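# Next input, structure requested:
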Amino acid sequence: MEEKEVDLRDYLNMVKKRWKIILIIFLVSIIASGVVSFLLPRTYEAIAIVRIGKMRDMLLEEPPTVIEIFKTEAILEKVAEELDIPFGKEKSQKLASKINMKEKSGLLKIRGKAKTPEEALKLVNGVAAVLMQRHGQIFERAKVILEEYLASGKERLSEIEKEIEMLRKKIEELGVTDSEAKATVARGYMESLERSRDRYELLQVELREKKMEESYGTVSTELVIPPRIPEYPIAPNKKLNVLVAGILGLLVGFVSAAIVEYFEKPPTVS
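Predicted coordinates:
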């Protein structure tokens, strides 16, 4: 216990004796950090939130798929075209590093980083525009396919109606007959008529369900929260840099003072 108290007393005496060294290193660290933080280029970030559209209660694209697609050169090239900037392999990697997408609570958050607030805003708008165009095309294709299916279903309904009408006429032509052969033919027509009616009702139900899906389960991709021009940079974080530099400065100053104290300490005489 006495040894610990002596050691602690020695450290306190060292700090009192070498406080100038500690203070100088501390101040130099803070000033250097402030100057470097001031000279470093600023980085601004704009944010947009998008809700991915649905077609018949199914997402046009899953968020993880969207995130991966926007890392590909084909999509990055479209973003570059939207931003009216040159595009190449190296520049595509640089552009990809400025874009960050993340799924949050079923929504897609788009972040864009740039050297100026205007560039950050333009970047996020460009990414959102490409995403909206892509999903607009997917949405329209799916809509066309559904419309074609409904049109084809109506044609099939019309054909079945004609088939039912034809069978009715044939049954009426046979009428009441004592002929066993004609009776057999009439029973065949009646069975065909029943099957045709069943097909007609099933097709009607199917088309009605598809029509309801189109009306109630279909929404296009929309920009829930549009990006705003950022007011403050996200980097460099001057306060954090100065704080870290101050802590490191104190540590280095203390170590430096201990080293100076060690070498200036008079040798002990045995």
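# hey, which helix or strand in this protein has the poorest pLDDT?
Least confident helix or strand of the chain, by mean pLDDT, DSSP states H and E, is helix 2-17 with a mean of 68.
# Could you tell me which residues within the helix or strand just after that helix count as buried?
Remark: after helix 2-17, the chain's next helix or strand is helix 19-39, criterion DSSP states H and E. Under the neighbour-count criterion of 16 or more other Cβ atoms under 10 Å, helix 19-39 has 21-22, 25-26, 29-30, 33, 37 buried. Bear in mind the C-beta positions are built from the backbone N, C-alpha and C, glycine included.
# ok, now stretch 204-213?
Applying a neighbour-count criterion of 16+ other Cβ under 10 Å, one finds L207 buried in stretch 204-213.
# can you start the count at 24 instead of 1 from here on
Yes, from this point I'll number from 24; that puts the last item at stretch 227-236.
# distance between the one helix or strand G176 maps to and the chain's centre?
Using DSSP H and E, G176 maps to helix 140-197. Helix 140-197 has its C-alpha centroid displaced from the chain centroid by 27 Å (Cα atoms, centre = their mean, to the nearest Å).
# Tell me which other helices or strands that helix touches.
Under the contact criterion of 3 or more Cβ pairs under 8 Å, 6 or more residues apart in numbering; DSSP states H and E, helix 140-197 touches strand 67-74, strand 77-78, helix 96-106, strand 130-137, helix 203-239.
# Now do that helix against strand 130-137, angle only.
150 degrees (axes from the mean of the first three to the mean of the last three Cα atoms, to 10 degrees).
# quick one: helix 140-197 to strand 67-74, angle?
Going by the same axes, to 10 degrees, helix 140-197 makes 10 degrees with strand 67-74.
# could you give the angle of helix 140-197 to helix 96-106?
120 degrees.
# mean confidence for helix 140-197?
If you average the pLDDT over helix 140-197, you get 90.
# Over to stretch 55-73?
Mean predicted lDDT for stretch 55-73 stands at 89.
# how close does A209 sit to A280?
Using Cβ to Cβ, to the nearest Å, A209 is found at 115 Å from A280.
# now do S243
67 Å.
# Same drill for the two, tell me which one is more crowded.
A280 (21 against 17; other Cβ atoms under 10 Å).
# Excluding chain neighbours, what is closest to that one?
Leaving aside its chain neighbours, A280 sits nearest to R41 (3.6 Å; criterion: Cβ to Cβ, 6 or more residues apart in numbering).
# swap in S52?
G272 (2.9 Å).
# All set, thanks.
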